[in-house]
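> 3D, please:
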Amino acid sequence: MRVSADRDVCIGSGNCVLTAPAVFDQDDEEGLVVVLTSDVEGPVADVVRAAVARCPSGALRLIEGQEPPAGP
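Have a look, this model is predicted:
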């Protein structure tokens with residue numbers, strides 16, 4: 001599973017960092033989300049799902065499985 005963050009949507013609440021500090025951080029300037037590792041597996045995946053569910057702005061997105069390759 002992969003996780004991504006839309007910094008244009010993030011409001012800097014920090015719920016993701018409190019829930020999954022090994023995966024998320026906040027930048028020092030604006031307090032917006034920084035994804036430390038986008039590939040998550042095992043028990044960490046469950047914690048990341050909880051962080052995504054707790055994001056008040058909807059800035060976090062989970063991508064389950066394999067994405068199709070880009071291009072023709």
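> may I see the buried residues of the lengthiest helix in the chain?
For the chain, the helix with the greatest residue count under DSSP state H is helix 42-54. Neighbour-count burial for helix 42-54 flags Val44, Ala45, Val47, Val48, Arg49, Ala51, Val52 (criterion: 16 or more other Cβ atoms under 10 Å). Heads up, the C-betas are built off the backbone N, CA and C, glycines and all.
> my read: the third one touches Ala20, true?
Yes - counting by Cβ atoms under 8 Å, Ala20 is a contact partner of Val47 at 4.7 Å.
> low-confidence ranges, the protein, go.
66-72 (pLDDT under 70).
> quick one: the strands in it?
Per DSSP state E, the chain carries strands over the ranges 2-5, 24-26, 33-35, 60-63.
> hmm, who's touching the second one?
Applying Cβ atoms under 8 Å, 6 or more residues apart in numbering, the contact partners of strand 24-26 are Ala5, Gly12, Gly14, Cys16, Val17, Leu32, Val33, Val34, Val35, Leu36, Ala51.
> how many other residues sit next to the nearest residue to Arg61 once chain neighbours are set aside?
Spatial nearest neighbour of Arg61, excluding adjacent residues (Cβ to Cβ, 6 or more residues apart in numbering): Ser4 at 5.0 Å. By the measure other Cβ atoms under 10 Å, the count of residues near Ser4 is 12.
> ok, now the one 3 residues further on?
Using other Cβ under 10 Å, Arg7 has 13 other residues around it.
> in this structure it contacts Glu29, no?
No - judged on Cβ under 8 Å, Arg7 makes no contact with Glu29 at a distance of 11.2 Å.
> overlap in contacts of these two?
Counting by Cβ under 8 Å, 6+ apart, Arg7 and Glu29 have no shared contacts at all.
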